[in-house]
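Novice: below: sequence and its predicted model.
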Amino acid sequence: MDIINNLIDEIYQATFPLASRERLFSHIREARAAIKMARKPHWDEKDVVLITYADQFRESEAPTLATFCRFYQQHLRDTFNLVHLLPFFPYSSDDGFSVIDYHQVNPICGDWSHIAELHRHTRLMFDFVCNHMSAHSAWFKHFLALDPGWDDFFISMPPATDLSSVTRPRTSPLLTPFDFANGEKRFIWTTFSADQIDLNFGNPQVLIRMVDVLLDYLKKGADYVRLDAVGYMWKTPGTSCIHLEKTHQLVKLFRAIANEVAPGTVIITETNVPHKDNISYFGNGHDEAQMVYQFSLPPLVLHAIHNGSSRALRQWAASLDSGGGNTTFFNFLASHDGIGLNPARGILPEVEIVALVRDLAMEGALISYKNNPDGTTSPYEINVTYMDALNKQDDDDETRLRRFMLAHALLLAFPGVPAIYIQSILGSRNDMEGVKVAGHNRAINREKYAVSGIDRQLTTGEGLRQLVFTHLSALIQLRTRQPAFHPDNPLEILDSDNALLMLRRRSRDHQHSLLCVYNLSGKSTEVQLPEERKYRDIIREEIIEGSEPVTLPPWHYLWLKTGIS
């Protein structure tokens, strides 16, 4: 408990009341005593995460979690051993990220017994939406009503305050006016929308209540905990209000509490920011997040395939630090959000980012913008399914499949734990009708389905969805059988032409090694393998002679095992 005590002292100095500290530690001890199930102590090559909504699939008169549990057991359990359920709590907007009640399951999805049943079949990752909550929540209503004990739970700010230096991820106003019970109008801090009210972690009572949320999730079985929008947690006017030192201390505190209560729990930070800022949440490698979202990977893989060039991806990948076993990356290409562009800034020239945005917009992608301190706006993310991001509207399905599988063969080979979004394993296309209905860009990649239709398409269909599901599931399952892909194994980037990317993953004892070769271009490309020896392509079970140049068809890839006699 000393680490927790010391962090509270660092964050709050002498402002954390003794009675509040005793209450916090009492809750921690109670949670530790209540948790009986041990977590997996570390990650390995078998860990692959499915990202999905709890209401992803529907059937009449059934809680969606019950439907998903059946779907998972029928179609997904051999491919994914961990499921990230996006926020499954009662909410008022943003498809779950405007939480009304942290401690309840959305009745449409079911209740905690359905979470427990799913947990019997797979490990689970919960969202801890720690920066903000719904304007319709009881907490915020208490605040507006001026009820005793709810003072300063949220952040009031005079509208004339100079907040020009605050980092903005949206074009919506930073401050939103609300009327209080006494007739007073105050302006409240709302980083993401008028319905998402930022919590005031400067108030010790807020910390206690949010730690109670974390403890509840650990008791309910969360193996991984995703800290949503975590970079914005602490506000100090006059600063950028992102990545502040006290924010990092709060992450360290959450990590220390999880370590105390449920050892083996993985804390993952979600910070859609440039790479240097993103990896700062590893702390010293022992005290902060065990994993960070690898936000640079989606735009860089997209850029590489779009341009048929590995130049930027290769240079960036060569700089990655595998973490030495204490930390690792949470790798993904697609998620419920769009393809973030900030993580590519500083790696790609702005002119190439703008060109990528322009080209994808011409093919039907939607673009979301952010406000800059100088009053201008910049593209913040591309809203599109990853399938349609990689392809043109008039491409045939064979071309779509080849580019899509190439991208995921890259994802699965990078150091870290890979995560696949449900729309990707289903081979989904842009949902333009969903955008019209929802009224926001991100709905393009958030389609929900009647489970009977998806069952039919996956088992008896012959279209793109069934092809993607079959091929990608097989590739993921193959990946989980390769010790060379253990997240802790280092990454070696080999020299190659820009049309190619060659990388090697090898265990530290050199017992397991894979050479991965990718043709990122739409033309057949010849490659000389680095050693004149026999290799076995484990994807197609073919022997390849390294003594002769190998010709790779467009968007072709090889996973080559050495040591073939």
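Specialist: Nice, thanks for sending it over.

Novice: point out where the stretch 301-450 of the chain drops to low pLDDT.
Specialist: Regions of the stretch 301-450 of the chain meeting the criterion pLDDT under 70 cover residues 322.

Novice: distance from the chain centre to the helix or strand hosting R314, please.
Specialist: If you go by DSSP states H and E, R314 is part of helix 311-317. Put simply, helix 311-317 sits 21 Å off its chain's centre (CA atoms, centre = their mean, to the nearest Å).

Novice: helix or strand right after that helix?
Specialist: Per DSSP H and E, helix 311-317 leads on to strand 328-332 as the next helix or strand towards the C-terminus.

Novice: so what strands line up beside the helix or strand just after that next one?
Specialist: Per DSSP H and E, strand 328-332 leads on to strand 339-340 as the next helix or strand towards the C-terminus. Strand pairing for strand 339-340, determined by DSSP bridges: strand 377-383 (antiparallel).

Novice: just the CA trace of the helix or strand just after the strand it pairs with, in PDB.
Specialist: Remark: after strand 377-383, the chain's next helix or strand is helix 386-390, criterion DSSP H and E. Extracted C-alpha coordinates of helix 386-390, given in PDB (Å, rounded to 0.1, in the frame of the first residue of the first chain):
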ATOM      1  CA  TYR A 386     -10.400  -0.400 -42.900                       C
ATOM      2  CA  MET A 387     -11.600  -2.500 -45.900                       C
ATOM      3  CA  ASP A 388     -12.800   0.600 -47.700                       C
ATOM      4  CA  ALA A 389      -9.800   2.600 -46.600                       C
ATOM      5  CA  LEU A 390      -7.500   0.200 -48.400                       C
END
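
Novice: which other helices and strands contact helix 386-390?
Specialist: Using 3 or more CB pairs under 8 Å, 6 or more residues apart in numbering; DSSP states H and E as the contact criterion, the elements in contact with helix 386-390 are helix 297-307, helix 397-411, helix 422-425. For the C-beta atoms, the positions are set from N, CA and C on the backbone; glycine is no exception.

Novice: quick one: the second one to helix 297-307, angle?
Specialist: Inter-element angle recorded for helix 397-411 and helix 297-307: 140 degrees (by axes from the mean of the first three to the mean of the last three CA atoms, to 10 degrees).

Novice: in helix 397-411, what's buried?
Specialist: The neighbour-count check on helix 397-411 (16 or more other CB atoms under 10 Å) flags 399-411 as buried.

Novice: for the stretch 401-550 of the chain, which segments count as helices?
Specialist: Ranges of helices within the stretch 401-550 of the chain are 422-425, 432-438, 451-459, 464-479, based on DSSP state H, counting those that start in this stretch.

Novice: out of these, which gets nearest to A365?
Specialist: helix 432-438 (10.7 Å; CB to CB).

Novice: mind checking how far that closest one is from the chain centre?
Specialist: Counting by CA atoms, centre = their mean, helix 432-438 comes out at 23 Å from the chain centroid.

Novice: please point out which parts of that helix sit buried.
Specialist: By neighbour count with 16+ other CB under 10 Å, helix 432-438 contains the buried residues 434-435.

Novice: residues making contact with it?
Specialist: Outside helix 432-438, the residues within contact range by CB atoms under 8 Å, 6 or more residues apart in numbering are 364, 366, 441, 443-444, 446-447.

Novice: mind doing that once more with 7 Å?
Specialist: Residues from elsewhere that reach helix 432-438 (CB atoms under 7 Å, 6 or more residues apart in numbering): 366, 441, 443-444, 446-447.

Novice: helices along the stretch 151-300 of the chain, start to end?
Specialist: Using DSSP H, counting those that start in this stretch, helices in the stretch 151-300 of the chain cover 204-219, 245-261, 275-279, 297-307.

Novice: so can I have JSON lines of those showing distance to V435 and mean neighbour count?
Specialist: As requested, the helices of the stretch 151-300 of the chain are exported to JSON lines (distance: least, CB to CB, whole Å; neighbours: other CB atoms under 10 Å):
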{"stretch": "helix 204-219", "distance to V435": "32", "mean neighbour count": "19"}
{"stretch": "helix 245-261", "distance to V435": "33", "mean neighbour count": "21"}
{"stretch": "helix 275-279", "distance to V435": "28", "mean neighbour count": "19"}
{"stretch": "helix 297-307", "distance to V435": "20", "mean neighbour count": "24"}
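
Novice: quick one: the strands in the stretch 451-565 of the chain, in order.
Specialist: With DSSP state E, counting those that start in this stretch, the ranges of strands along the stretch 451-565 of the chain come out as 491-494, 500-506, 513-519, 525-527, 534-537, 542-545, 550-552, 557-561.

Novice: would you mind finding the most buried of these?
Specialist: Counting by mean count of other CB atoms under 10 Å, strand 513-519 has the highest mean neighbour count of those, with a mean of 24.

Novice: so what touches that one?
Specialist: With contact meaning CB under 7 Å, 6+ apart, strand 513-519 is reached by 406, 409-410, 413, 482, 484, 499-506, 525, 527, 535, 552, 554-562.

Novice: okay, now the unreliable bits of the chain?
Specialist: Along the chain, the model assigns pLDDT under 70 to residues 322, 563-565.

Novice: if we can go back for a sec, name the nearest of the buried residues of helix 397-411 relative to D195.
Specialist: Using CB to CB, L411 is the member of those that lies nearest D195, at 33.1 Å.

Novice: ok, that closest one touching F329?
Specialist: No. Counting by CB atoms under 7 Å, L411 does not reach F329; the two are 10.8 Å apart.

Novice: picking up where we left off before, nearest approach to G340 belongs to which of the helices and strands packed on helix 386-390?
Specialist: Smallest distance to G340 across the helices and strands packed on helix 386-390 (CB to CB): 6.8 Å, for helix 297-307.

Novice: which strands and helices sit next to that closest one?
Specialist: helix 311-317, strand 339-340, helix 350-362, helix 386-390, helix 397-411 (3 or more CB pairs under 7 Å, 6 or more residues apart in numbering; DSSP states H and E).

Novice: which one is H556 nearest to, not counting chain neighbours?
Specialist: N519 (4.9 Å; CB to CB, 6 or more residues apart in numbering).

Novice: thinking again about what came up before, go through the helices and strands packed on helix 386-390 and name the closest to A262.
Specialist: helix 422-425 (26.4 Å).

Novice: and the closest residue to P299 other than its chain neighbours, what does it touch?
Specialist: Spatial nearest neighbour of P299, excluding adjacent residues (CB to CB, 6+ apart): A344 at 4.1 Å. A344 makes contact with 296, 299-300, 353, according to CB under 7 Å, 6+ apart.

Novice: in JSON lines, list those along with distance to D152.
Specialist: JSON lines is the format used below for the contacts of A344 (distance: CB to CB, whole Å):
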{"residue": "S296", "distance to D152": "37"}
{"residue": "P299", "distance to D152": "39"}
{"residue": "L300", "distance to D152": "42"}
{"residue": "I353", "distance to D152": "40"}
